[in-house]
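>>> Structure here, sequence nowhere to be found:
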């Protein structure tokens, strides 16, 4: 990876591996720096590439892929509170968008993510 990351979210989609958020412990930054940055690994080229960032820096995020079209992240911790946010990544547009808020404290579920789609 291009950035050091602890407590990141990782998932695969369309033959790539994605690394999202997390934190980096550093003496020069006076403690913990949380990341809003995201990376994609291409195993064919053995290369990491930065992609679009999520809406805010956070760690301990749950992430899942949905078919071959999207990645979803949920919850996380921003250094002050546990989040009830959800975002969707579109790999074609290289874009994260907010989706409906969660109705629970993500800390209670420790990195689980269920996706429900109403047809």
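Received, thanks. These figures come from a predicted structure and were not determined experimentally. Numbers count the residues shown, from 1 in each chain.

>>> ok, the residue nearest in space to the middle of the chain - contacts?
The centre of the chain sits closest to residue 20, judged by Cα atoms, centre = their mean, with a distance of 3.5 Å. For residue 20, the contact set (Cβ atoms under 8 Å, 6 or more residues apart in numbering) comprises 8-10, 38, 54, 61, 63, 71, 73. Backbone N, C-alpha and C define where each C-beta goes, glycine included.

>>> ok, now residue 34?
21-23, 57-59, 78-79 are the contacts of residue 34 under Cβ under 8 Å, 6+ apart.

>>> Helix, strand or coil: sort out the closest residue to it other than its chain neighbours for me.
Leaving aside its sequence neighbours, residue 34 sits nearest to residue 57 (Cβ to Cβ, 6 or more residues apart in numbering; 3.7 Å). Look at residue 57: counting by DSSP: H, G, I helix; E, B strand; the rest coil, its state is coil.

>>> circling back: just the buried residues out of the contacts of residue 34, in PyMOL syntax.
Filtering the contacts of residue 34 down to the buried ones (16 or more other Cβ atoms under 10 Å) takes a single PyMOL command:
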select buried, resi 21+22+23+57+58+59+78
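
>>> In CSV: the contacts of residue 34, plus distance to residue 87.
Formatted as CSV, these follow (distance: Cβ to Cβ, whole Å):
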residue, distance to residue 87
21, 10
22, 15
23, 18
57, 13
58, 10
59, 15
78, 13
79, 18
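
>>> Which pLDDT value goes with residue 45?
For residue 45, the model assigns a pLDDT of 98.
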